[in-house]
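Engineer: prediction below, plus the sequence it came from.
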Amino acid sequence: MLERLAVVSGGGTGIGKAISRELAADGCRVVIVGRRAEVLERAREEIDRAVGAARVVPLKADLTDSHQVSAAAESIAELGPVDVLVNNAGAVITEPADDSLAALADAWRRDLDTNLLTAVLLTTALLDRLRRPDGRLIVISSAAAQRGGAGPHSAGSYAAAKAALHGWAFGLARQLGPDGITVNVLAPGYVADTEIFGERWTPEFHAAKVADTLVGRAGTPDDVAAAVRYLASPAAGYLTGQVIGLNGGAVLGR
């Protein structure tokens, strides 16, 4: 079988790094895209060492910047058709600077840019490069999109940005299905060992999140990576247009 090419945004840390490692272990050549060159290089060394082969290509780009996305897409195009595209980049942005509407608007724009526009721009830039048939497009969302976030800020712009990914992905599934490309959304719940919670993480925060599950534990980046590995595989060719919850039962299927 020919080596497949995967692209993972936000691939240098946390969930993105675990996904990249899993796809590399599955034999893919993996382009990891992120804003911090030194983080990407450390991830490349770690993953290549773990899988015992040079499979990772780091690519620095700010995916909220359309010019940088275009340049990144040109670099990726030189490597061949994209078999797997994982839109994982995103973050919980800091709360508005003050109580003004202007500050609120700025915070919402940052959240929408970081969690929605990054996926839209990168996917659009690579759309013609996706493998036809058998391409795989995977969008990493959040349980917050299904039930709202945990605080006054994240319950608004972050959850809304993640929820917007769902409707967008459904449209892509309809558009790309005739070309043999599947499009699915993976919506993780609480996943420990990531940078996303920052200073909000405390032992009490962790305990409350675990108590909210039915299985009595937090998710891990490897849990998400294993699910992505299946969605990216040839075996998942009949699965498309779905939002798949990965949350330990904290949000029941709907």
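Structural biologist: Structure's in. What do you need? Numbering: from 1, shown residues only.

Engineer: from residue 47, how far out is residue 248?
Structural biologist: Residue 248 sits at a distance of 26 Å from residue 47 (criterion: Cβ to Cβ, to the nearest Å). Every residue, glycine included, has its C-beta placed from N, CA and C.

Engineer: neighbour count winner among these two?
Structural biologist: Remark: of residue 248 and residue 47, residue 47 carries more neighbours, 25 against 22, as counted by other Cβ atoms under 10 Å.

Engineer: for whichever strand or helix holds that one, buried residues please.
Structural biologist: Element membership for residue 47 (DSSP states H and E) is helix 37-51. For helix 37-51, the neighbour count (16 or more other Cβ atoms under 10 Å) marks 39-40, 43-44, 47-48, 51 as buried.

Engineer: so which of these comes closest to residue 101?
Structural biologist: For the buried residues of helix 37-51, the closest approach to residue 101 (Cβ to Cβ) belongs to residue 39, at 34.7 Å.

Engineer: and that closest one, what does it touch?
Structural biologist: Residue 39 makes contacts with 12-13, as judged by Cβ atoms under 8 Å, 6 or more residues apart in numbering.

Engineer: try residue 213
Structural biologist: Contacts of residue 213 were listed using Cβ under 8 Å, 6+ apart, and they are 189-190, 247-250.

Engineer: turn the residues you listed into CSV, including distance to residue 212 and pLDDT.
Structural biologist: Formatted as CSV, the contacts of residue 213 follow (distance: Cβ to Cβ, whole Å; pLDDT from 0 to 100):
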residue, distance to residue 212, pLDDT
189, 8, 94
190, 7, 93
247, 9, 96
248, 8, 96
249, 9, 96
250, 5, 94
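
Engineer: which two of those have the greatest separation?
Structural biologist: Maximum distance among the contacts of residue 213 (Cβ to Cβ): 11.4 Å, for 190 and 249.

Engineer: doesn't residue 184 fall inside a strand?
Structural biologist: Yes: under DSSP: H, G, I helix; E, B strand; the rest coil, residue 184 falls within a strand.

Engineer: residue 172 is in contact with that one, correct?
Structural biologist: No: at 10.0 Å, residue 184 does not count as touching residue 172 under the criterion of Cβ atoms under 8 Å.

Engineer: which residues are common contacts for these two?
Structural biologist: Both residue 184 and residue 172 are contacted by residue 137, under the criterion Cβ under 8 Å, 6+ apart.
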